[in-house]
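> Sequence below, structure please.
(one chain, ligands or ions: 1)
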Amino acid sequence: MYSFPNKRCDQARSEKGRQSNDKAQNPEESLTIMKRGQRWRCLVPLSFFFGILFYCNQSLWETLSIGAKPINNVIAGSGFRKLLEENGKIIDKSHPIGAIKQFPKCVIIGVRKCGTRALLEFLDLHSGIQSTYHEVHFFDDDKNYNQGLEWYRKNMPYSFPGQITVEKTPRYFISHGVPYRIKRLNSDMKIIVSLRHPTIRVISDYTQIYYNKLMKNETPDRFETMALDPDTGELNMRYKALQISIYHHNFARWLKIFPKNQIHIVDGDNLIIDPVSEIRKIEKFLGLAHEITYDKLYFNTTRGFYCMRVNSTMERCLGASKGRRHPDIDPNLITKFNKFFRPHNERLFKMINRRFPWS
Ligand SMILES: Nc1ncnc2c1ncn2[C@@H]1O[C@H](COP(=O)(O)OS(=O)(=O)O)[C@@H](OP(=O)(O)O)[C@H]1O
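Numbering: from 1, shown residues only. This is a model prediction of the structure:
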């Protein structure tokens, strides 16, 4: 609503007008006043234009009011970016003013197929966190590691001082030498590891390879062919997916290098059902305020998984490669797996001093 000027304003305006008229007696001054008037004539529509622009761009508006992650959100909204592109001025979408590239203070190390992508993306909704977009594979890949720490830092997203950069590479969990390398970079590094029912994880792992092969026009092996030793009919101990689900083997290596209070374990099965409760524990672990609530995550019935409300106009689910339908597996084979994992699970529970409802 437009508010009408009050009396005191009127007086001030007529005083200002009187002064202008006095000054207009001098031609030089009248030119200055004219120019000033022209400037105002330009400034008023310009500020009106930018006012509308700011108001319309919900993301930018929200961003400015909370002061976090501005450019990412600007990019998420389309209007402002499009306008700048049309003017030939493309902002470096990942480089907001005042942001820098910082080493991660927290690394999600795995386990593969235990919801690591969901974790990373859900955490990125927090104003105190910036997540990497891709898996960096710095500590597990000698080619990358030999490029040096500066290479690693450059692979991080821009973040503001005080924000926590989070990286995830699920292969870290199973790669020898990684805990030691991370410790060398930062002995205070916070480690997050997500675990899922070991048998379901094997099947999820198989499902991923199955689809990868289909995409490459190759014929995927049947699950039984991978999982069973053709000579004995028993479980194939050389099957990589099975080895990864023997969690205590790899966990032992991490516990030799990092104290237990620096490692947070996520229940990857519960992450699917009740993500906010899992994320809440992580917020606490990272010393952050509780921000990620069910306002930011909602259950998408079509996907059958929780998706994100990035802002008031934008919702996003994980990619199609997450949450695929698993193939039907012979129940006897599942029982065989469960039986096999039971003693290994017990060893893990003892090691981490916590039980999961798997056995
Ligand atoms: N919200 C949400 N949306 C989609 N998927 C979700 C979600 N939360 C957890 N998950 C589970 O994440 C599983 C994939 O795990 P990862 O992201 O660790 O896989 S990967 O190792 O990075 O390939 C994936 O496994 P599959 O179901 O076997 O595809 C999902 O079950």
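> buried ones in stretch 334-350?
If you call a residue buried by 16 or more other Cβ atoms under 10 Å, then stretch 334-350 has these buried ones: 336-337, 340-341, 344-345, 348-349. Every residue, glycine included, has its C-beta placed from N, CA and C.
> Okay, and which of those residues map to helices?
336-337, 340-341, 344-345, 348-349 (DSSP state H).
> Closest to H134 out of the residues you listed?
For these, the minimum distance to H134 (Cβ to Cβ) is 29.5 Å, reached by L348.
> who touches the closest residue to Y133 other than its chain neighbours in this structure?
In space, and not counting its chain neighbours, Y133 is closest to P157: 6.6 Å by Cβ to Cβ, 6 or more residues apart in numbering. By Cβ atoms under 8 Å, 6 or more residues apart in numbering, P157 lies in contact with 94, 101, 130-133, 165.
> Next, format the residues you listed as CSV and append distance to the ligand.
Formatted as CSV, the contacts of P157 follow (distance: Cβ to the nearest ligand atom, whole Å):
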residue, distance to the ligand
S94, 22
K101, 23
Q130, 19
S131, 13
T132, 13
Y133, 13
T165, 19
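> Among those residues, which ones are in helices?
Using DSSP H, none of those sit in helices.
> which one of the residues you listed has the most neighbours?
Top of the contacts of P157 by neighbour number is Q130, holding 26 neighbours under the definition other Cβ atoms under 10 Å.
> Would you agree it is in contact with G162?
No - Q130 is not in contact with G162 according to Cβ atoms under 8 Å; the separation is 10.8 Å.
> all strands for this structure, in order.
100-101, 106-110, 129-131, 158-159, 164-168, 190-195, 263-267, 297-300, 305-311, 314-316 (DSSP state E).
> what comes into contact with the fifth one?
For strand 164-168, contacts defined as Cβ under 8 Å, 6+ apart pick out 102-109, 116-117, 119-120, 123-124, 128-132, 135-136, 138, 156-157, 159, 286, 288.
> Pull out the buried members of those.
Looks like these have 102, 104-109, 116-117, 119-120, 123-124, 128-132, 135-136, 138, 156-157, 159, 286, 288 buried, using 16+ other Cβ under 10 Å.
> Grab the nearest non-local neighbour of D140.
Nearest to D140 is S175, by Cβ to Cβ, 6+ apart, at 3.8 Å.
> what's around that neighbour, how many residues?
19.
> do you know how far T132 is from K284?
Distance check for T132 against K284: by Cβ to Cβ, to the nearest Å, it reads 22 Å.
> What number of residues are in the vicinity of R355?
12.
> what's the pLDDT at it?
On the pLDDT scale, R355 is placed at 97.
> got the contact list for it?
Counted by Cβ under 8 Å, 6+ apart, R355 has contacts F349.
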